[in-house]
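Novice: missing the sequence, but the structure's below:
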Ligand code: FES
Ligand code: FES
């Protein structure tokens, strides 16, 4: 069965026709050709596929695409500003060496955004709790925590 | 000390912004026009004869373009000893043996088609441990060797052996002797980006392969041989490397799935992509080998080591990859970590029906360090010496040659020991009990290349364009570790341009010069040294040609300058006379004369200079190419002698732990790592390498283990195979980088990618012993093992008392 749904993707409305059981990640990567969202496990265990649905971080590999109907979906492609500028979270990740292979990075950054949107001054524990579903095999997480703190600081302070 | 403009300063990695924006293209993201999707049918038995393969139903499915087996494709032998096959015929030897494959128009159809392939087997008895495999009359995994000779047992012919000094006299002079048996499990590299490739033939039957590999040029050799097996002798493979989602050793071999993609692409005439799911990655990709190590060492009354004897038994699994040569690296610590005069080392590798293994970060060193550094603590205790003091007494020193013939140039081991002891408050914290303890362990590793192949070389090309940009072509592989950051800094520094004018091209065997592979922590060392050499060549070309164009161009500058500043009085300066090649300098992208560095009109922007030499009579474009083979030796591994690397890395890691007596859980309170890195090139990148390796070491120490049941891997997802999450890394980590400025290293630097993993597990085990007096000798140190050891504690204490 195929059906057409419409939702807001990175601020603009999209209409897509898809199979009933399509996962949101496939809708994004295959139907809409937005490959910034990564699939690390397909089982909700790694967080590489994290996107925000109405501001909440979700694993798009477990999220049925039809459920996005009418909702706001934010992917990594929607995070950068105009004229190819990185957002402050992305910038902090780059500057603090929180990125190695980069496969976990889009998911990590979106999980960070969900955190900072609700908690602009997170403690180390808050950061760990928010990112515990996002695996990274490369960095040992130290610089990721530093980057989140830096991003929080930049967000609070005058840009 | 030499000061640098870019080396050692904080910079952002060149691929960082794209990765942060989700714009980096991994194999997962790549498609080609007309691309098909390949899927593999794996064996359902660990050891069985194949009686029949029925592919008819799969073939009839709409959307299926090809179904292949070993029976309808040419035989392609693969692997380090060529004892493996792309597709298996007659017999399977492990659960993950590839028996058939499908190419279809989408992944779902391919998957369904594979499920319709029916294979009839006649099961054979299997062997699942090296001990079983070595028994008289054990079933043979391979009846014949790759040369077709009949085999009589399951032992591999590979030999790794070393004897030096006089073991017996070493035993005699020893006052204290300790023996121990240590083991390590199968662990999975767990790259966040799973394995995959795309194979595509052009109409001349040359192949392009987008691959996740660390050895593009050795892979090209392997695949070209396979093309020969397919009747395409003389045809070529071009390998292009997209962004890699972590590799950690998984790219040091060519894999059956790659050959299968090639076979499917050839058969269908379409590009074919094979991409592993996470489940496939766990079940069908070669993990790190398990190992068993027996060590006996002794020391004299003063605590000086007098001998060391090491025997290693390695479960090779069913086939042989490069990873089988782990003992070539185990030999390094066995013969050369701490000064020890009389050494025996022997490693045996045995075929079993378990999954065959491959490289992972550290390449045998973490396995061996686990045994050796645990045993060092046991010996120290026996000798009544503090384990930190004991290590200091035996520490390696600069400018020594070890029993293996390793020529140690610089050595920061003593400093690293002291640094860790200091950070951990060793003297205060050690031996205080209360379920808290401190422990440490050290390492030696290759840091200046690692010759395990007849060439240990790397090439580099620098190509300048009309705009003063530097295009870099290098065969090393960026897989997240930061090679391209170091390469950028090294080129900018040694050529004299800004890092943002340096562009690293994708690694591609069609455009980049040969490189043996990105392994053995050699990436930065080789990239740095080749960059320095190529920049030197380029500078001398630039300065030679500057004699012709510089005076004319700066006179134009002067005219313009005077027009803009009518009052300007130029200094008395004869540009023509001063402009000789030895008087030029290039810095931050400007060419100027050393005699007049600050005169604004006497500076020529590199791009303008390049256009001047390009667009004139007999114009020229500048490139420089180098090929660098570092000064090291291919050891004779049967004798265990040879200076395998140009320089060696040393380091120490320490940890403070708390043991939960109720649950057996280990809580890490703090870690300290001090590494002799020669010189810090890219500070953020280097921190990341140590932290990341250290985290992998924690997983190795405390929970990572692929569990097998008669050769069948049980835990094939991140729920059941736990890797460290951000919650586990919740303690302070102090890093210290010891800069010994090695003369072989670029800017003094040594390799640093693997060391952080190597001593982590034994440092933790030693700290647990300090905390509660239990000695765990088999990894991982799970709460169950801790609890059961705690239960036996009294018995053990009693035993130790009688032994004394
Ligand atoms: S891909 Fe969705 S959680 Fe791993
Ligand atoms: S950077 Fe490689 S997995 Fe996080």
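Specialist: That came through, no problem. These numbers come from a predicted model, not from an experiment. Ligands and ions are numbered 1, 2, ... in the order given.

Novice: ok, residue B:151 touching residue B:142?
Specialist: Yes - taking CB atoms under 8 Å as the definition, residue B:151 is a contact partner of residue B:142 at 5.6 Å. For every residue, glycine as well, the C-beta is placed using N, CA and C.

Novice: Measure how buried residue 10 is and give me the count.
Specialist: Defaulting to chain A. When neighbours are defined as other CB atoms under 10 Å in any protein chain shown, residue A:10 has 16 of them.

Novice: Not quite, go with chain B.
Specialist: Using other CB under 10 Å, residue B:10 has 10 other residues around it.

Novice: do you know how far it is from chain A?
Specialist: According to CB to the nearest CB, to the nearest Å, residue B:10 and chain A sit 8 Å apart.

Novice: just to revisit the earlier point, neighbour count for residue B:151 and residue B:142, which is higher?
Specialist: residue B:142 (18 against 14).

Novice: Can you verify my assumption that the more buried one contacts residue B:83?
Specialist: Yes - contact criterion CB under 8 Å: residue B:142 and residue B:83 qualify, at 6.2 Å.

Novice: Give me the residue at the spatial middle of chain A.
Specialist: residue A:110 (2.9 Å; CA atoms, centre = their mean).

Novice: Buried residues, stretch B:413-427. List them.
Specialist: Neighbour counts over stretch B:413-427 (16 or more other CB atoms under 10 Å in any protein chain shown) mark B:413, B:414, B:415, B:416, B:417, B:418, B:419, B:420, B:421, B:423, B:424, B:426 as buried.

Novice: Stretch B:77-96 too?
Specialist: Residues of stretch B:77-96 classed as buried by neighbour count (16+ other CB under 10 Å): B:78-88, B:91-96.

Novice: Just the ones of those residues in strands?
Specialist: By the criterion of DSSP state E, membership of the buried residues of stretch B:77-96 in strands covers B:78, B:84, B:85, B:91, B:92.

Novice: Need the residues you listed in CSV (columns: pLDDT).
Specialist: Listed next are these as CSV, based on pLDDT from 0 to 100:
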residue, pLDDT
B:78, 97
B:84, 97
B:85, 98
B:91, 97
B:92, 98
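
Novice: Can you tell me which of the residues you listed is nearest residue A:87?
Specialist: Nearest to residue A:87 out of those is residue B:78 (CB to CB; 45.4 Å).

Novice: who does the closest one bridge with?
Specialist: Applying DSSP bridges to residue B:78 gives these bridge partners: residue B:84.

Novice: That one reaches residue B:257, doesn't it?
Specialist: No - in this structure residue B:78 lies outside contact range of residue B:257 using CB under 8 Å: 10.7 Å.

Novice: all strands for chain A, in order.
Specialist: Per DSSP E, chain A carries strands over the ranges A:2-9, A:12-19, A:50-53, A:56-59, A:72-74.

Novice: got a list of contacts for the third one?
Specialist: Contact with strand A:50-53 is made by A:24, A:28, A:37, A:57-60, A:63, A:68, A:71-76, A:106-108, A:110-111, A:113-114, A:133-134, as judged by CB atoms under 8 Å, 6 or more residues apart in numbering or on different chains.

Novice: Return the members of those classed as buried.
Specialist: Using 16+ other CB under 10 Å, the buried members of these are A:24, A:28, A:37, A:57-60, A:63, A:68, A:73-76, A:106-108, A:110-111, A:113-114, A:133-134.

Novice: Which of those residues fall in helices?
Specialist: The helices, defined by DSSP state H, take in A:24, A:106, A:107, A:108, A:110, A:111, A:113, A:114 from the buried ones among the contacts of strand A:50-53.

Novice: Looking at those, spot the one nearest residue B:702.
Specialist: Using CB to CB, residue A:108 comes nearest to residue B:702 of those, at 23.1 Å.

Novice: Tell me who's in contact with that closest one.
Specialist: Taking CB under 8 Å, 6+ apart, we find residue A:108 in contact with A:47, A:50, A:93, A:98, A:131, A:134, A:136, A:144.

Novice: Grab the nearest non-local neighbour of the first one.
Specialist: Taking CB to CB, 6 or more residues apart in numbering or on different chains as the measure, residue A:47 lies nearest to residue A:134, with 3.4 Å between them; neighbours along the chain are not counted.

Novice: circling back to that earlier point, could the ones in strands among the buried residues of stretch B:77-96 go into CSV alongside distance to ligand 1?
Specialist: Converted to CSV, those look like this (distance: CB to the nearest ligand atom, whole Å):
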residue, distance to ligand 1
B:78, 30
B:84, 30
B:85, 32
B:91, 36
B:92, 31
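
Novice: Redo those residues as a markdown table? Include distance to residue B:380.
Specialist: Converted to a markdown table, these look like this (distance: CB to CB, whole Å):
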| residue | distance to residue B:380 |
| --- | --- |
| B:78 | 46 |
| B:84 | 44 |
| B:85 | 49 |
| B:91 | 50 |
| B:92 | 48 |
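
Novice: got any ranges where chain A has weak pLDDT?
Specialist: Residue ranges of chain A with pLDDT under 70: A:158-159.

Novice: now with 50?
Specialist: A:159 (pLDDT under 50).

Novice: what's the domain layout of the chain?
Specialist: Using chain A here. For chain A, automatic domain parsing gives the domain ranges A:2-79, A:82-156.

Novice: switch to chain B, that's the one I care about
Specialist: B:27-127+B:198-271, B:457-628, B:647-804.

Novice: Kindly reformat the ones you listed as JSON lines containing distance to ligand 2.
Specialist: Formatted as JSON lines, those follow (distance: least, CB to the nearest ligand atom, whole Å):
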{"stretch": "domain B:27-127+B:198-271", "distance to ligand 2": "5"}
{"stretch": "domain B:457-628", "distance to ligand 2": "5"}
{"stretch": "domain B:647-804", "distance to ligand 2": "8"}
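
Novice: thinking again about what came up before, check contacts around the residue nearest to the centre of chain A.
Specialist: Per CB under 8 Å, 6+ apart, neighbours of residue A:110: A:50, A:51, A:52, A:57, A:74, A:75, A:76, A:79.

Novice: And residue A:21, by the same measure?
Specialist: Applying CB under 8 Å, 6+ apart, we find residue A:21 in contact with residue A:64.

Novice: Nice, that's everything, thank you.
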